[in-house]
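1. Quick one, structure for this:
(chains A and B)
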There are 2 protein chains.
Amino acid sequence: MTPALPQLTAFLDQAGIDGYLLDADGNDSHQYYLSGYHMLDEFVTLYADERVTLLLPGPECNQAERDSAGDEIRSRAEFRNAAELEDMDPRKARKRVTVDFLDAAGIDSVSVPVSFPVGTADLLREHGIEVVPEYEYVLDEIRAVKDDREIERIRETQRAAEDGMAAAEDLLERATVADGVLHLDGDPLTSERVRDRIERAVLDRGCGLDQCIVASGPAGARAHDPGTGPLQANVPIIIDIFPRNKRTRYFGDMTRTVVKGTPSDRTREWYALVSEASEAALDTVRAGVTGETVHAAVCDVFESAGYPTDRTADDPDSGFPHATGHGVGLDVHEAPYLAQQAGELEAGHVVTVEPGLYEQGTGGVRLEDLVVVTDDGYENVTDYPRDLRVV
Amino acid sequence: MTPALPQLTAFLDQAGIDGYLLDADGNDSHQYYLSGYHMLDEFVTLYADERVTLLLPGPECNQAERDSAGDEIRSRAEFRNAAELEDMDPRKARKRVTVDFLDAAGIDSVSVPVSFPVGTADLLREHGIEVVPEYEYVLDEIRAVKDDREIERIRETQRAAEDGMAAAEDLLERATVADGVLHLDGDPLTSERVRDRIERAVLDRGCGLDQCIVASGPAGARAHDPGTGPLQANVPIIIDIFPRNKRTRYFGDMTRTVVKGTPSDRTREWYALVSEASEAALDTVRAGVTGETVHAAVCDVFESAGYPTDRTADDPDSGFPHATGHGVGLDVHEAPYLAQQAGELEAGHVVTVEPGLYEQGTGGVRLEDLVVVTDDGYENVTDYPRDLRVV
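-> Sure, this is the predicted structure:
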């Protein structure tokens, strides 16, 4: 049942470490990827000798046998014999059983992701098990390269994002303008109302939406401000939609900029630059090119036009202050990155390309597509008009 | 801006430790509770000298100044001077800046939750900072006691859960039965369709639903099986709804058991026992009573009727195999617990009381309300009929 993880095996062999260990709940994407299992509370996954073993609370074992990617399922109850567990807080005892589980598996040393809980790490170390946090981000790198099934899942979620975007545009188009703000069906049209409409649209495709940006005016320039209150006319509205499929757990991600009414010359000029930067970036994308090169293509365009970037200033709050893109998969922000110092792209990487221009106190524009890196370029999994949307 | 956290101050004073440190994203409830800030990616929060300081990526600082509960906001850019950062992977460099941030704050030792990332802990230790994972679960215990504002938020979310339940019952009531399964509007009525209806109902109250159980027949007996496919008539359907308010981030949680058609005598008998167990448990709930006592009240009822519990068997898969309840707040499973070995309840604890009876291969029934512990009893925040719902 387990996907072959030759890279992880090679990593362990080279490091001379017995196994790779996770201790997290199923919402942790490493955990879900390696175990194929989702549950609310924490559990343990061990990868050793090319086999995946799950250590679970007893009542979960039947379901994990059926649903997980584990080659073997063990119950915590099997390892509750240590005398010291008797009077231990049950939360600590749950961690402590991992010691005996590893002992029984003959594991003396484990590699763990940097996010591994220090409480468990210290307990294992106290019992003589070597715990080595790995800064090669090996599981991140493995997850970054998607196979065809994963790409299909991301594509499926991206369809939901596009439906959400179309639904949002439709609301904005049907809105009227009074006193500079949008109204629909007798009430102000707010960021919240548009977000609700987007959520219902993505739900029609089995996707959920934990967050979503619908930000007009100054909110559009603030990193991750979701937008609140009545939307403004004649200024850019940034709509950034990153739904997650409830069944597959894979994300999509896209952004468009919409103006209700008449965009200013400056907005048009900014958007033209952002489009140019997006195309310049996409022109560089292919396996073997670094994420830094893709980011540089965007920065070149903006810097030539006189705008600051993260190459010309430390944390500029206007111009182009963020990275060009990030991987998307089981997490909405994951490896690889299109940013300064970022390494080589590989075929099967799925990345956003999302240049934007912003001015604090005024607003911003952004254009974001999601693409699959291929040997000779990329395939855009976003099927939506790329122009400034004027409705 | 910071809520007074006298318990955390007292804990640090007693342990002789300089500060309490978190390194997690805003989805981590400790992080959100202490910082009052939500963002997708990781950041650092320090509690020391009764002040909360956030260490953030530069572009987040403006928004955190506006929205967070931090007394002070610092940018990572301020701490990027260490020569060794030059060629470091940016992901590691983001962790490394925490060393200089703590140095600048005069912090030599930190207490951390057991979930704190070992990668950061090891880096800090290498630089001479003492990192002590604490097994008193001090932040869990602080979060377990809700103030009036938090209780109001949980109550608000519970209204959404009730609306979801009513919407689900309505679908089941309108369904017809053919060949033992439910149909509605020409198609089989599936777990998925009911779940979708529940999600839209909770969305009407600004709540999201990451998961939700609608499980008939054997699926009802499997821990956390969400249920799939056509729903069966004349057998119990367990509906367990735990939405989260998108604005406040607080959860609600409730379960009812519904039968479409005619429940068997055995189902009625089970449900009568579960109701009796629920009332027995609720009769014990008040500040000063242990979670173990509440759990015992439920086990007594079931054991007297001849069913196994987790007191009479290790991980029974039928009878009453789970705990009686858990805290609900920013997490849907949090302290305190109503279970074996569980400690004293305090006024302001918000807990589920959720006895159930199950048989593998057959199904199960469960009844779950959410209550606030008070000095002389409890207040039930669930406003919904408690009987077996027959529609």
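2. can you give me the helices for chain A?
-> A:6-15, A:29-35, A:61-67, A:90-104, A:118-126, A:138-144, A:148-174, A:191-203, A:265-284, A:291-304 (DSSP state H).
3. helices and strands around the first one, which ones?
-> When contacts are defined as 3 or more Cβ pairs under 8 Å, 6 or more residues apart in numbering or on different chains; DSSP states H and E, helix A:6-15 packs onto strand A:19-25, strand A:42-48, strand A:109-112, helix A:138-144. The way it works is simple: take the backbone N, C-alpha and C, and place the C-beta from them, glycine included.
4. So for residue A:69, which of the ones you listed sits nearest?
-> Residue A:69 lies closest to strand A:42-48 among those, at 9.4 Å (Cβ to Cβ).
5. Quick one: work out the angle between the closest one and helix A:90-104.
-> On the basis of axes from the mean of the first three to the mean of the last three Cα atoms, to 10 degrees, strand A:42-48 is oriented at 10 degrees to helix A:90-104.
6. before we move on, the earlier item: same list, the helices and strands packed on helix A:6-15, but as a markdown table with mean pLDDT and distance to chain B please.
-> Formatted as a markdown table, the helices and strands packed on helix A:6-15 follow (pLDDT from 0 to 100; distance: least, Cβ to the nearest Cβ, whole Å):
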| stretch | mean pLDDT | distance to chain B |
| --- | --- | --- |
| strand A:19-25 | 97 | 9 |
| strand A:42-48 | 97 | 9 |
| strand A:109-112 | 98 | 6 |
| helix A:138-144 | 96 | 8 |
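7. Redo the ones you listed as TSV? Include mean neighbour count and distance to residue A:249.
-> Formatted as TSV, the helices and strands packed on helix A:6-15 follow (neighbours: other Cβ atoms under 10 Å in any protein chain shown; distance: least, Cβ to Cβ, whole Å):
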stretch	mean neighbour count	distance to residue A:249
strand A:19-25	24	13
strand A:42-48	23	16
strand A:109-112	23	22
helix A:138-144	20	12
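8. right, and the ones you listed - which one's nearest residue B:192?
-> strand A:19-25 (23.4 Å).
9. need the residues of the stretch 51-200 of chain A near chain B, please.
-> Listed as neighbours of chain B in the stretch 51-200 of chain A under the rule Cβ under 8 Å from any Cβ of the partner chain: A:57-63, A:75, A:77, A:80, A:89-92, A:95, A:112-122, A:131, A:133, A:135, A:137, A:196, A:199-200.
10. quick one: residue A:262 and residue A:234 touch, right?
-> Yes. Shown here, residue A:262 and residue A:234 form a contact pair, counting by Cβ atoms under 8 Å, at 5.4 Å.
11. Look at these two and report which has more neighbours.
-> residue A:234 (15 against 11; other Cβ atoms under 10 Å in any protein chain shown).
12. residues in contact with that one?
-> A:177, A:180, A:259-264 (Cβ atoms under 8 Å, 6 or more residues apart in numbering or on different chains).
13. who wins for proximity to residue B:281 among the helices of chain A?
-> helix A:90-104 (18.8 Å).
14. Specify the angle between that closest one and helix A:118-126 in degrees.
-> 40 degrees.
15. Which strands or helices does helix A:90-104 pack on?
-> strand A:19-25, strand A:42-48, strand A:51-56, helix A:118-126.
16. Check which residues of that helix are buried.
-> Within helix A:90-104, the residues scored as buried using 16 or more other Cβ atoms under 10 Å in any protein chain shown are A:91-102.
17. between those residues, which is nearest residue B:328?
-> Looking across the buried residues of helix A:90-104 and measuring by Cβ to Cβ, the closest to residue B:328 is residue A:91, at 16.9 Å.
18. picking that back up, save the helices and strands packed on helix A:6-15 as TSV, and put in distance to residue B:20 too.
-> Formatted as TSV, the helices and strands packed on helix A:6-15 follow (distance: least, Cβ to Cβ, whole Å):
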stretch	distance to residue B:20
strand A:19-25	22
strand A:42-48	21
strand A:109-112	23
helix A:138-144	28
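19. out of those, which comes closest to residue A:31?
-> The closest of the helices and strands packed on helix A:6-15 to residue A:31 is strand A:19-25. By Cβ to Cβ, the value is 4.4 Å.
20. Dump the closest one to CSV, keeping only the CA atoms.
-> The C-alpha trace of strand A:19-25 is given here as CSV (Å, rounded to 0.1, in the frame of the first residue of the first chain):
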residue,chain,number,x,y,z
GLY,A,19,14.1,5.4,10.7
TYR,A,20,12.1,8.5,9.9
LEU,A,21,9.6,9.4,12.7
LEU,A,22,6.6,11.6,12.8
ASP,A,23,4.4,12.6,15.8
ALA,A,24,1.6,14.9,14.7
ASP,A,25,-2.1,14.9,14.0
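21. which other helices and strands contact it?
-> helix A:6-15, helix A:29-35, strand A:42-48, helix A:90-104, strand A:109-112.
22. and the longest one, how far from the chain's centre?
-> The one in question is helix A:90-104. With Cα atoms, centre = their mean, to the nearest Å as the basis, helix A:90-104 stands 31 Å off its chain's centre.
23. tell me the angle it makes with strand A:51-56.
-> Using the same axes, to 10 degrees: helix A:90-104 against strand A:51-56 is 150 degrees.
24. what's helix A:90-104 in contact with?
-> If you take Cβ under 8 Å, 6+ apart as the criterion, helix A:90-104 is touched by A:19, A:21, A:23, A:42, A:44, A:46, A:55, A:74, A:76, A:78-82, A:84-85, A:88, A:110, A:117, A:119-120, A:123-124, A:127, A:129, B:114, B:135, B:137, B:337, B:339-342.
25. show me where pLDDT drops low in chain A?
-> The model of chain A has pLDDT under 70 over residues A:1-4, A:82-83.
26. From the recorded domain assignment, give the ranges for it.
-> Here the domain parsing of chain A from automatic domain parsing is A:6-143, A:145-390.
27. Compare those and give me the one nearest residue B:214.
-> For residue B:214, the closest of the domains of chain A is domain A:145-390, at 13.3 Å, according to Cβ to Cβ.
28. Quick check: end-to-end length of that closest one?
-> Using Cα to Cα, to the nearest Å, one end of domain A:145-390 lies 36 Å from the other.
29. Could you do stretch A:221-239 as well?
-> End-to-end distance (Cα to Cα), stretch A:221-239: 12 Å.
30. Name the residues of it that are buried.
-> A:221-227, A:230-233, A:235-239.
31. Not counting sequence-adjacent ones, nearest residue to whichever residue of the stretch 151-300 of chain A sits closest to chain B?
-> When distances are taken as Cβ to the nearest Cβ, the stretch 151-300 of chain A reaches nearest to chain B at residue A:223, 4.1 Å away. Nearest non-adjacent residue to residue A:223, counting by Cβ to Cβ, 6 or more residues apart in numbering or on different chains: residue B:59, 4.1 Å away.
32. quick one: contacts for the spatially closest residue to residue A:366 that is not a sequence neighbour?
-> Leaving aside its sequence neighbours, residue A:366 sits nearest to residue A:356 (Cβ to Cβ, 6+ apart; 3.3 Å). Residue A:356 makes contacts with A:238, A:255, A:274, A:320, A:322, A:364-367, as judged by Cβ under 8 Å, 6+ apart.
33. 7 Å - rerun?
-> For residue A:356, the contact set (Cβ atoms under 7 Å, 6 or more residues apart in numbering or on different chains) comprises A:274, A:320, A:364-366.
34. May I ask which two of those are separated the most?
-> Every pair of the contacts of residue A:356 checked by Cβ to Cβ; the farthest is A:320 and A:365, at 10.9 Å.
35. Looking at these two, which is more packed in?
-> Between residue A:320 and residue A:365, counted using other Cβ under 10 Å, residue A:365 has the larger neighbour count: 31 against 28.
36. Was I right to think that one contacts residue A:271?
-> Yes. Here residue A:365 reaches residue A:271: they are 5.0 Å apart, a contact under Cβ atoms under 7 Å.
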